[in-house]
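S.K.: my questions are about this predicted structure, shown below with the sequence.
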Amino acid sequence: MNTNNLPDNPYLLLTPGPLSTSKTVKAAMLRDWCTWDEDYNLKVVQEIRNRLTLLATSEKDLYSAVLMQGSGTFAVESVIGSSIPAFGKLLIIANGAYGMRMIQIAKVLGVAYETYILAEVDLPDIGKVRKLLEMNPEITHLAIVHCETTTGILNPVREITTLAKQYNKITIVDAMSSFGGIPMDVHDWQIDFLISSANKCIQGVPGFSFIIARKDKLEQCKNLARSLSLDLYDQWTTMENGGKWRFTSPTHVVRAFLQALVELEDEGEVENRYERYSQNQKRLVEGMRKIGFTTLLPDIMHSPIITSFLSPQEEEYSFLKFYNLLKDSGYVIYPGKISNGDTFRIGNIGVVNPADINQLIEAIIRIKFW
Ligand SMILES: *Cc1c(COP(=O)(O)O)cnc(C)c1O
């Protein structure tokens, strides 16, 4: 596809998604599809489901990928609302806004839950999780966020899901902002339901989310859903029937996502993407520290996805002014999201290279007004 005629984006998004996508991903949206036709169902939808399952695990026959309309939260709500029986109880570990959102979802849906809530700068303690599982035998499911995009902290998911399996719990992982950007294998990591969305590390455009789940656990979701449109079992069984969606699918976005998956393969799969994001993050932190910025988290807790910086204490500083000057220079950053503390965030994911980060650092030095 010739992309020469496509306009350049006015600025680079350094955000946790929607993020900067390639022109070829955007160009893939420039045609219409019939949702009844094989060209779409088989060559696009089924191809995507197959590629996602292969990306997620080497044990691909045990797992299946389900695409779901809506942003990432819709898929989280679909899994929590469809996988937990009336007698079940969900343990939610939360150290940020997305963990807290899962608690809110459980509350709204009337799912029984237990929580382990931590400060946004703290990692869950494995001993404490073990104790919670031992003291609450009625817990049937455990949910945790992999990369908490609130701060960029990377949770020890594998340790926690492995522990949960020792107690026979069903494991749910919100890997929204990490899947495709950090190597993982859902089978090795003992994840039953992994949730992510189109507009994060796969580098597609926003409009749908997906769940990669163990088939035997999907089977158990039959007749459990607390919502019609977010019924995971129903969506799965319909999709198994030749790639059909129950309700209108975002065809253009889905086609763009297939292109994004092809480009992930061309980049050298998740390992190379992880390497690029890691380089971006390393350069960013080095450069920002030279300018005088401090990261919210110590390096050891960090994901390569997004980084939180403390706002400068100088009176002249204002985030909005900083944001607007940077935007005029061609870079869009993200406000902070932590509850007590003044921070801002810079993302490393999307079509962003170490050279872009070098230029960002130069731009920040140029515009520094505090
Ligand atoms: C982006 C994100 C979500 C989903 O947010 P949406 O706005 O619904 O797409 C959920 N969890 C994490 C960790 C995220 O980064």
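M.R.: That came in fine, so what should we check first? Numbering: from 1, shown residues only.

S.K.: adjacent strands (with direction) for the strand or helix carrying residue 345?
M.R.: Here residue 345 sits within strand 343-347, counting by DSSP states H and E. Partner strands and pairing direction for strand 343-347 (DSSP bridges) are strand 306-310 (antiparallel), strand 334-335 (antiparallel).

S.K.: can you give the contact residues for it?
M.R.: For strand 343-347, contacts defined as Cβ atoms under 8 Å, 6 or more residues apart in numbering pick out 13-17, 19, 152, 284, 288, 296, 305-311, 319, 322-323, 333-337, 360. For glycine as for every other residue, the C-beta is placed from the backbone atoms N, C-alpha and C.

S.K.: show me which of those neighbour the ligand.
M.R.: Filtering the contacts of strand 343-347 for proximity to the ligand by Cβ under 6 Å from any ligand atom leaves 16-17.

S.K.: got a quick PyMOL command for the buried subset of the contacts of strand 343-347?
M.R.: In PyMOL, this line selects whichever of these come out buried by 16 or more other Cβ atoms under 10 Å:
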select buried, resi 13+14+15+16+17+19+152+284+288+296+305+306+307+308+309+311+322+323+333+334+336+337+360
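
S.K.: ends of stretch 235-251, how far apart?
M.R.: This stretch, stretch 235-251, spans 16 Å end to end (Cα to Cα, to the nearest Å).

S.K.: pLDDT averaged over that stretch - what is it?
M.R.: Computed over stretch 235-251, the mean pLDDT rounds to 97.

S.K.: also stretch 346-354?
M.R.: 98.

S.K.: now the strands for this structure?
M.R.: Applying DSSP state E to the chain gives strands spanning 12-13, 63-69, 90-94, 113-117, 141-145, 147-148, 153-154, 170-174, 193-197, 208-214, 306-310, 331-332, 334-335, 343-347.

S.K.: name every strand pairing with the second one and say which way it goes.
M.R.: Meaning strand 63-69. By DSSP bridges, strand 63-69 pairs with strand 208-214 (antiparallel).

S.K.: the strand it pairs with: how far from the chain's middle?
M.R.: 11 Å (Cα atoms, centre = their mean, to the nearest Å).

S.K.: near the ligand, anything from it?
M.R.: No: with Cβ under 6 Å from any ligand atom as the criterion, the ligand is not reached by strand 208-214; the gap is at least 7.0 Å.

S.K.: can you name the residues that contact the spatially closest residue to residue 171 that is not a sequence neighbour?
M.R.: Once flanking residues are discounted, residue 171 sits nearest to residue 161: 4.4 Å by Cβ to Cβ, 6 or more residues apart in numbering. For residue 161, the contacting residues are 142, 144, 171, 173, 189-191, by Cβ under 8 Å, 6+ apart.

S.K.: residue ranges with poor pLDDT in the stretch 1-150 of the chain?
M.R.: For the stretch 1-150 of the chain, residues meeting the criterion pLDDT under 70 lie at 1.

S.K.: spell out which residues of it are next to the ligand.
M.R.: Within reach of the ligand by Cβ under 6 Å from any ligand atom, the stretch 1-150 of the chain has these residues: 16-17, 71-73, 98, 145, 149.

S.K.: could you identify the most distant pair in those?
M.R.: Farthest pair in these (Cβ to Cβ) is 71 and 145. Separation: 15.3 Å.

S.K.: quick one, helices of this protein?
M.R.: Counting by DSSP state H, one finds helices in the chain at the ranges 23-27, 38-40, 47-56, 72-83, 97-109, 126-135, 157-166, 215-219, 232-240, 251-267, 269-291, 319-328, 354-367.

S.K.: tell me which of those helices sits most buried.
M.R.: helix 72-83 (a mean of 25; mean count of other Cβ atoms under 10 Å).

S.K.: just how off-centre is it within its chain?
M.R.: For helix 72-83 - counting by Cα atoms, centre = their mean - the centre lies 14 Å from the chain centre.

S.K.: start the count at 434, not 1, going forward
M.R.: Done: numbering now begins at 434, and the last item shifts to helix 505-516.

S.K.: next, the angle from it to strand 574-578.
M.R.: Put simply, helix 505-516 runs at 170 degrees to strand 574-578, going by axes from the mean of the first three to the mean of the last three Cα atoms, to 10 degrees.

S.K.: render the CA-only coordinates of helix 505-516 in PDB, please.
M.R.: Taking Å, rounded to 0.1, in the frame of the first residue of the first chain, the C-alpha atoms of helix 505-516 are listed here in PDB:
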ATOM      1  CA  GLY A 505     -10.100  -2.600  27.300                       C
ATOM      2  CA  THR A 506     -12.500  -2.000  30.200                       C
ATOM      3  CA  PHE A 507     -15.300  -3.800  28.300                       C
ATOM      4  CA  ALA A 508     -13.200  -6.900  28.100                       C
ATOM      5  CA  VAL A 509     -12.300  -6.700  31.800                       C
ATOM      6  CA  GLU A 510     -15.900  -6.400  32.600                       C
ATOM      7  CA  SER A 511     -16.800  -9.300  30.200                       C
ATOM      8  CA  VAL A 512     -14.300 -11.600  32.000                       C
ATOM      9  CA  ILE A 513     -15.300 -10.600  35.500                       C
ATOM     10  CA  GLY A 514     -19.000 -10.800  34.600                       C
ATOM     11  CA  SER A 515     -18.800 -14.100  32.700                       C
ATOM     12  CA  SER A 516     -16.300 -16.300  34.500                       C
END
